[in-house]
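Chemist: A structural model of the following input is requested.
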Amino acid sequence: MSGLPDPTFELSEEQIAFYHEHGYLAIDQITTSGEVESIREGYDEIFSKRAGREEGMEYDLAGSDEDDARPKLPQILEPKNYSEAFRNTQFESNAAHIARQLLGEGIEQRGSHAIFKPAGYGAPTPWHQDEAYWNPGKNYHSISVWMPLQEATLDNGCMQFLPGAQKLEVLNHHNIGNDPRVQGLELDDGQVDLSNAVGCPLPAGGATIHGGRMPHYTSANTSDTPRRAYILMFHVPQPLRDTPRDFYWQKSTRTYAAEKREAAKSS
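Modeler: Model prediction:
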């Protein structure tokens, strides 16, 4: 990962053990307050422009995503393509180092995205597993590093996890509201016990870490300030599965953003 500064953060042995036992980890500070401010400025700029919308890289994760509709949970994929503020950051360097500590050598970044919950009406991100979005014919050894760009609270949508649930297989999902036009997924009812859910409030520039099978959730933003989150994903490439799984929910999804991405590839 050339161009990155040297890492300045390292997990302790206790933190590594906690992650492997519980399936998630929260840390109070993964980068500097100055870098958080810089990224936040770039973040607000690209969301105000709806950067990437024409090629399907900006869309409403929780809505049907018509061009004239007010997005309830806008997301931008690969934000570094639209702002210098996301490139060669200390956050990325430290997140990559954490990934090496948790996953081993040979890590690669497998994507990044920014998710915005508008003040007062930003939609919840329902309980789901990230791997439910991915290719069912592949194996995964991955983590996501989620950083808020302002204080993350239970009222504005901090991360929540189910300790120990990383050991589950990928569970059944459906499109939010059972609407195939909506990109976001949610777990079918009754598959997990939500009574032991743990919320992870964080200061700006803190981070949570979780793997692809850890069920997680963020609430609606009922506060009077926006909730901004920037996520980096890392993995160690794995061999193909001997028997592909049937992620049937992927087959019914028909989003405007996916159509735009396909059109951009063929142009």
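Chemist: So which residues of the stretch 101-250 of the chain form helices?
Modeler: 248-252 (DSSP state H, counting those that start in this stretch).
Chemist: Could you list the low-confidence segments of the stretch 101-250 of the chain?
Modeler: Residues of the stretch 101-250 of the chain meeting the criterion pLDDT under 70: none.
Chemist: mind listing the strands for the stretch 51-200 of the chain?
Modeler: Counting by DSSP state E, counting those that start in this stretch, the stretch 51-200 of the chain has strands at residues 58-60, 74-77, 108-117, 125-128, 142-148, 159-161, 173-175, 185-187, 198-200.
Chemist: So for the longest one, what gets flagged as buried?
Modeler: So the one you mean is strand 108-117. Under the neighbour-count criterion of 16 or more other Cβ atoms under 10 Å, strand 108-117 has 110, 112-117 buried. Backbone N, C-alpha and C define where each C-beta goes, glycine included.
Chemist: mind checking how far that strand is from the chain centre?
Modeler: 6 Å (Cα atoms, centre = their mean, to the nearest Å).
Chemist: Ok, the fifth one next?
Modeler: When distances are taken as Cα atoms, centre = their mean, strand 142-148 is centred 6 Å away from the chain's centroid.
Chemist: Sheet partners, orientation included, of that strand?
Modeler: Strand 142-148 pairs in its sheet with strand 207-211 (antiparallel), strand 227-235 (antiparallel), by DSSP bridges.
Chemist: Of all the ones you listed, which one comes closest to Glu58?
Modeler: Comparison of these against Glu58 by Cβ to Cβ identifies strand 227-235 as nearest, at 14.4 Å.
Chemist: if we can go back for a sec, quick one: which of the buried residues of strand 108-117 is nearest Glu259?
Modeler: Using Cβ to Cβ, His113 comes nearest to Glu259 of those, at 18.8 Å.
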